[in-house]
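In: 3D, please:
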Amino acid sequence: MEELRYKAFISYSHQDQKWGRWLQRSLESYRVPRRLVGTEGRCGAIPARIAPVFRDREDLSSAADLTSSVKEELAASETLVVICSPAAAASRWVNEEVAYFRELGRGDRILALIVDGDPKSEVPSQRCFPPAMIRNVDGQPFEPLAADARKWADGKALARLKLVAGILGIRLDDLRQRDMQRKHRRWMISASGAMAVALLTTVLAVVAITARNQAENRRQHAENLVDYMVDDLKQKLDEVGRLDILEGVGDEVSKYLETLDPREETEESLLQKVKVWRQLGEVSMGQGKLDDAMTAFNESRDLTRELLRRNPEDTERIYEIAQAEFWVGYVYIERGAFEEARAPLDRYLEYADHLVALEPNDPEWIMEKSYAHGNIAALITRRESDDVDLALKEIIASVELNRRAIELAPENSDYFNEYGHALAWQADTQLLLCDLGGALQSRQENLRIAREALERVPADGYVRERYAYSLSGLANVANQIGLTEYAADHLKESAEVLGQLYLIDRSNVEYHWDQLKREEYIAKYLAESGELDEALRRLASLYDRMRAVLEAEGAGHYLRRKEWVGYLLLYAEVAWRAGETQRAEQMWLEAVERIASWIQQGVDPQSWSIEIVVARFLHWHYDGPHENGRTTVAAIPDVTLDEDRAYISCSERGALVLQALLRGDGAKARRHTDYLLSRGYYEPGFVRICRHYDLCHGYG
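Out: Prediction:
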C-alpha cells in the first residue's frame, strides 16, 4: 500500500484528452531508477513505479459542481498534475479541480505540464494557466512549478522527468543523473547511423546476457528503449534532419522485440511494438519507400487488432487501429491505387464512428470522424471515376462534425482552423458542381471563421495567411456570380495582407507571387467595369515583377507557368480592348510561344487545353497578328475540351462556349450559355462575350 502515497490526479480540458492519455501512460510506465527506490521522498519511501495515476474521464459539462467521485479522487491524491493550455485556462472544471485541491491544503503539490499557449502572454486567450493556479487560497500571486512538453522547450522526455521529480519530491538533477546513467547503461546511441545500429545491437546483447532476471529485464529494456526512440530520439533527429538514423535504430528495436517470448509479452510491450512499426512506416513514407511503409503499417495494424481483441471497448486501442487503417489507406493513395485505398479508409471511418458511439460528447473522437469523412472525400475526387456528388456529401458530413466539435470545445483553435479548411474545400467542390449559391455561402462562412481567428490573434502569421486566402476565395465566387465590385474589395484586402506578410518574410515567394496574382485579378475587374486605361496600367506594372519570380525559379513551378500564361493572355485582351494593338500582339505572341515551347519539351497538350482554347479564341475574336499569328498558332495543337464528363465547373463550361464559337457551332454555344445563366453564372467577361455573339436569349 506504500505506493499509494504517491498517487497522482491528472486534470485537463476535454480538448487535451490526448495529452491526458499520454501523460497517464507515461507516468504509470516510468520505472524509478533502482538506486532511488526505497530512499526518502516527499511522502516516504520512494516506490519503483508511480501508481495509480487517476485521469478524470467524467463529462462535467452539464454539472453544477464537481462530482463526489472526482472530489474523492482528489482527496486521495498526493499530487495534482494540470495539463495547461488555453483550453485548460478557459475550462471551468479544471479551475474548480485546482481550487478544490488548494482547499485541501495541498497547493504546494500542484504541478503544471504546458502543452500549448504562453503563461506570460499579453493576449488573455493565449494564456495557459487556469486562474486558480496563479493565486493561492489567500488570493496572493503564485507561480506554479511547470514542465513544458513542447518541442522547442523541455520536450516530452524531460517534461516527464520533471513531473516525476515533482511527484516524488526529489531534485530533478538527482533523478536526471540516475535516469541518464540508466539510459547510458541500457542504450548508447551516437549521432552516426551505422554506429547507432551497431552500438544498439551490442548493448541489447550485453543486457540480455548479464541481467539477473532476464525475462523482466529484456521486456523493461525493450519498452524503455522504444519509448526513448519514439518520443525523445525522434524529436532530436527530426530537428537535425537525420531520420535515416532513426530508421536503423527502429529496425534493430523491432528485431529485438520479435525475439521476446510471447508468453512474456505484456500489453505495454505490444503497444510499444505498435509504436515502433508506425514510426518505421512514417520514416519510410518520408523517404519515399512506400513498400517498406506498407509493411510497417500492416504490422502496426495487426498488432493493434490483437490488443483490441483483448479489450474491444477500450477507446485508446480503437483509436490506435483507426490510425493504422488510415496509414495503410494513405500508402495506397500515394501509390495511386485508389480502389485499394477505399477499404482501409472505410474501416478508419467505422472505428471513428465506434469511438463517437462510446463517447458521444468527446470532441476529439468527433474530429476523428470528421477527418475520416474528409479522407474519403479526398479519395473520391482523386479517382478517375469521379462522383463529385458523393464527395460533396462526405465533405458536408465532415463539416457538420467539425461544427459539433467546436460547439463542445469552443476554445480549441485547432478545431476552428480545421473548420475553415473544410469549408473552403466544400466551396471548391460546390464549384465543381456549378453550385454557385452553395459555394458563396461556404466561402462567406469560411471568411467569418478566418476573421474571428484574426481578431483573437492578430499578430499570428499563419492566421493572417488563412485570412488572406479566405478573402480571395470569396472574391472568386463573387466574381462568378457578377458581384465584381464586392469581389474587387475583398481582393484588395487580400493583396494588402499578403504584401504585409511578404515584407515580414521576404524568403516566402508564395506570398509575393500570390499578392501579384491578386493585383492581376483586380486589374481584370477594373477592365470589366470599363476602366481599361487603369487596368492596362496595373497589368503593365506587374510584368517585370512576375517575370522576375519565374526567372528566379529556373525551370519554374508548373502552376506558376500556367498562371503566367493566363496573365499574358489577360494583358493581351485588355490591350486589344483599349486599342493598344501592338502591345496586345506582343503579349499574345509571348503567351503562345511559351505554350508551344513547353509542349515541345514534352508537356501533355491536354493539360494546357483551356489556355490553348482561350489563346485561339482571342486570336480569332480580335483578328490578331496575321502572319506571325498564324505561324505561332500552328505550333500548338488544336486540343478539344472534354464535354462528356458528368461534372463540369462553371468556369470550364465558359471555356466550352469559346470552343463552340471558334468552331462555328452556335447551337452548342447557346446550350452551354443557357445552362450557365440558369445556374447564376454572370462572370463579367463571359457576359460580355455572351452579349457580343447574341447568346443571352432574354437574360438581359
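In: Without its sequence neighbours, what residue ends up closest to the most centrally placed residue in the chain?
Out: For the chain, residue 418 is the residue whose C-alpha lies nearest the centre (C-alpha atoms, centre = their mean; 7.6 Å). Nearest residue to residue 418, sequence neighbours excluded (C-beta to C-beta, 6 or more residues apart in numbering): residue 402, at 5.8 Å. Glycine gets a C-beta too; all of them are placed from N, C-alpha and C.
In: before we move on, back to that, for the residue nearest to the centre of the chain, give me phi and psi.
Out: Dihedral pair for residue 418: phi -60, psi -40, per degrees, to the nearest 10.
In: list the contacts for it?
Out: By C-beta atoms under 8 Å, 6 or more residues apart in numbering, the contact list for residue 418 reads 367, 370, 402.
In: try 10 Å this time
Out: Applying C-beta atoms under 10 Å, 6 or more residues apart in numbering to residue 418 gives the contacts 367, 370, 371, 374, 398, 399, 402, 405, 406, 412, 449.
In: got it, and residue 82?
Out: Counting by C-beta under 10 Å, 6+ apart, residue 82 has contacts 9-13, 88, 94-95, 97-98, 101, 110-114, 128-130, 132-133, 144, 146.
In: Apply 7 Å and report the result again.
Out: When contacts are counted by C-beta atoms under 7 Å, 6 or more residues apart in numbering, residue 82 touches 11, 88, 94, 98, 110, 112, 130, 133.
In: Convert the C-alpha atoms of stretch 387-406 to CSV, please.
Out: What follows is stretch 387-406, C-alpha atoms only, in CSV (Å, rounded to 0.1, in the frame of the first residue of the first chain):
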residue,chain,number,x,y,z
ASP,A,387,-18.5,11.1,-58.2
VAL,A,388,-18.5,14.7,-57.1
ASP,A,389,-22.0,14.4,-55.6
LEU,A,390,-20.8,11.7,-53.3
ALA,A,391,-17.6,13.6,-52.5
LEU,A,392,-19.7,16.7,-51.5
LYS,A,393,-21.9,14.5,-49.2
GLU,A,394,-18.7,13.3,-47.4
ILE,A,395,-17.4,16.8,-47.1
ILE,A,396,-20.7,18.1,-45.7
ALA,A,397,-20.6,15.3,-43.2
SER,A,398,-17.0,16.3,-42.2
VAL,A,399,-18.0,20.0,-41.9
GLU,A,400,-21.1,19.2,-39.7
LEU,A,401,-19.0,17.0,-37.4
ASN,A,402,-16.3,19.7,-37.2
ARG,A,403,-19.0,22.2,-36.2
ARG,A,404,-20.2,19.8,-33.5
ALA,A,405,-16.7,19.6,-32.1
ILE,A,406,-16.5,23.4,-31.9
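In: Using neighbour counts, pick out the buried residues of it.
Out: Using 16 or more other C-beta atoms under 10 Å as the burial criterion, the residues of stretch 387-406 that qualify are 388, 391-399, 401-406.
In: Show me which of those residues is closest to residue 604.
Out: The closest of these to residue 604 turns out to be residue 388 (C-beta to C-beta; 22.8 Å).
In: Now do the phi/psi pair for the residue lying closest to that closest one once chain neighbours are set aside.
Out: The shortest distance from residue 388 to any non-neighbouring residue, by C-beta to C-beta, 6+ apart, is to residue 647 (4.4 Å). The phi/psi pair for residue 647 (degrees, to the nearest 10) reads phi -130, psi 120.
In: these two touch, right, residue 647 and residue 431?
Out: No - between residue 647 and residue 431 there is no contact under C-beta atoms under 7 Å: 10.4 Å.
In: And those two? Which one has more around it.
Out: More crowded of residue 647 and residue 431, by other C-beta atoms under 10 Å: residue 431, with 23 against 14.
In: give me every residue that touches the more buried one.
Out: Contacts for residue 431 (C-beta under 7 Å, 6+ apart) come out as 439, 649, 650.
In: how about the second one, phi and psi?
Out: Going back to what we said before, that points to residue 649. Dihedral angles for residue 649 - degrees, to the nearest 10 - are phi -70, psi 160.
In: check contacts around it.
Out: Listed by C-beta under 7 Å, 6+ apart, the contact set of residue 649 reads 431, 432, 434.
In: Please, which helix or strand holds the last one?
Out: Counting by DSSP states H and E, no helix or strand carries residue 434.
In: where's it relative to residue 158, distance?
Out: Distance, residue 434 to residue 158, using C-beta to C-beta, to the nearest Å: 55 Å.
In: Neighbour count for the two, which is higher?
Out: The residue with more neighbours, out of residue 434 and residue 158, is residue 434; 22 against 17, by other C-beta under 10 Å.
In: and the gap between the closest residue to that one other than its chain neighbours and residue 153?
Out: Nearest non-adjacent residue to residue 434, counting by C-beta to C-beta, 6+ apart: residue 650, 4.4 Å away. According to C-beta to C-beta, residue 650 stands 49 Å off from residue 153.
In: same check, this time on residue 697
Out: For residue 697, the distance to residue 153 - C-beta to C-beta - is 67 Å.
In: Right, I'll call it a day here.
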